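K.L.:
this one's sequence-less:
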DNA sequence: GTATTTTGACATTTTCTCTTGTCAAAATCA
DNA sequence: TGATTTTGACAAGAGAAAATGTCAAAATAC
């Protein structure tokens, strides 16, 4: 029989129960990334994930209620990490518009190449799983688009923020970057990163020309 | 006992066996679109699809070996239809670049709105199902990108075909169109179609300015 | 009208995964 | 050392869906 439910945080092996639990949770998150990012979400089983984590099923349900819950946690972590790194670069000084844009997007493309599991997860495994996951994807895309928008605004201070944010151009740019990433993943990252970034710089040139244009078509408010 | 395996094409009820089979196949394709495009691929069962088609499981396996095979057939049909319609518009006369581009892409966006099941299938349900389906998606994206490229080349004959095709701009444009479509689906098609198309026309303006630029960065050959 | 083909309803078998539970070995504490 | 906690291996029931099979009713041919 259990001693006391309230006697919870006693140390065992020098580690508190909550810390051990957190450690197992982290193992499961990593195993989830490994499974989802290689075998794919649909073909990953909880048992298999636990095997990757070196844990048994019991510990899965200790931290997550379902495979979908794990997916949301893994996905959220990957997105957060990406955004944090991009935002950090965004706050650094830069010498030219193209320097900033290739810097920020370089963070992004580099992260894909360094961990293709994340790339697969971001673009192939999250859509169509469930409405909740679709929503998470939508939010993440909005945030990524926000970063692109911020980078462009920082690179070209002459742009009117309100004017630019409501144009179709940020969506277009985000879509362009996304499809470039998808193509890069599918071709196995054969194109050198520098080529990708010089293409980004080229797109930036187009945006620059946009800066001097007349009013863009309005976008309906949601 | 069967009479003769060779006596195959005898008419029954005024319809040949192969025609009835084809009819069932078509029913299943439509039911598959209905299921995959609403409930989603993962949560669709073969039994449920057969129920939608008004047929029993036996007839499913008469035409398809698995749910995945049905998905590939449905997806292929939707893509073919879209491409055929876009190509047809592409072959029609046009009065201005923007006329052609909004015409071709209007076909595309209109098809999405008219049948949101197709929209969901195209962008949410096919990724991450299996390597074979991923490949089909990749091919379809390439074909869509080809249409966009052709439309731009037809709209701006001044562009050098080889020069333009190998630039990042077609990929960027395709990505832009794709993300516009995804956003439109997710917001429930609230933005009027005319607004979408005027944004397309605006992007066309950017491409026009690209036409007078210097050489774009090279793209690595696969 | 009778025989044959086609079809629908449903049963069955199999397989897979989730989810919970049991139990003993290992680790740790006191 | 002896008691307790933690952990790993694995069993087992529940549930769902795939894939095949059975059988009789309905439709059609002759």
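P.N.:
Now that the structure is in, tell me what you want to look at. Everything quoted here is computed from the prediction, not taken from an experiment.
K.L.:
C-alpha only now, for contacts and for neighbours.
P.N.:
Will do.
K.L.:
and the closest residue to residue A:168 other than its chain neighbours, what element?
P.N.:
Spatial nearest neighbour of residue A:168, chain neighbours left out: residue B:199 (6.2 Å); criterion: C-alpha to C-alpha, 6 or more residues apart in numbering or on different chains. Assigned by DSSP states H and E, residue B:199 falls within helix B:193-211.
K.L.:
helices of chain A, start to end?
P.N.:
With helices called from DSSP state H, chain A shows them at A:17-36, A:46-53, A:57-63, A:67-91, A:97-114, A:116-120, A:131-155, A:161-165, A:169-186, A:193-211.
K.L.:
looking at the ones you listed, which one has the lowest mean pLDDT?
P.N.:
The minimum mean pLDDT among these belongs to helix A:193-211 (a mean of 83).
K.L.:
helices and strands around the helix holding residue B:199, which ones?
P.N.:
helix A:193-211, helix B:97-114 (3 or more C-alpha pairs under 8 Å, 6 or more residues apart in numbering or on different chains; DSSP states H and E).
K.L.:
redo these as a markdown table? Include mean neighbour count and distance to DNA strand D.
P.N.:
Below are the helices and strands packed on helix B:193-211 laid out as a markdown table (neighbours: other C-alpha atoms under 10 Å in any protein chain shown; distance: least, C-alpha to the nearest atom of the strand, whole Å):
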| stretch | mean neighbour count | distance to DNA strand D |
| --- | --- | --- |
| helix A:193-211 | 18 | 40 |
| helix B:97-114 | 19 | 27 |
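K.L.:
would you confirm that residue A:103 contacts residue A:89?
P.N.:
Yes - applying C-alpha atoms under 8 Å as the test, residue A:103 and residue A:89 come out as touching, 7.0 Å apart.
K.L.:
need the residues touching each of those two.
P.N.:
The contact sets of residue A:103 and residue A:89 do not overlap (C-alpha atoms under 8 Å, 6 or more residues apart in numbering or on different chains).
K.L.:
excluding its backbone neighbours, what's nearest the residue nearest the centre of chain A?
P.N.:
Nearest to the mean C-alpha position of chain A, by C-alpha atoms, centre = their mean, lies residue A:79 at 2.7 Å. With C-alpha to C-alpha, 6+ apart as the criterion, residue A:79 has its nearest non-adjacent residue at 6.8 Å, and that residue is residue A:140.
K.L.:
burial count for the one you found?
P.N.:
By other C-alpha atoms under 10 Å in any protein chain shown, the residues close to residue A:140 number 18.
K.L.:
which other residues reach stretch A:154-164?
P.N.:
A:96-98, A:100-101, A:153, A:170, A:208, A:211, A:215.
K.L.:
same question, stretch A:128-141
P.N.:
A:68, A:72, A:76, A:79, A:126-127, B:40-42, B:124-127.
K.L.:
what's the ChimeraX line that selects buried ones from those residues?
P.N.:
This is how ChimeraX selects the buried members of the contacts of stretch A:128-141, with burial counted by 16 or more other C-alpha atoms under 10 Å in any protein chain shown:
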select /A:68,72,76,79,126,127 /B:40,41,124,125,126,127
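K.L.:
residues contacting residue A:148?
P.N.:
Counting by C-alpha under 8 Å, 6+ apart, residue A:148 has contacts A:170, A:173-174.
K.L.:
and those residues, which is closest to residue A:60?
P.N.:
The nearest member of these to residue A:60, counting by C-alpha to C-alpha, is residue A:174 at 35.8 Å.
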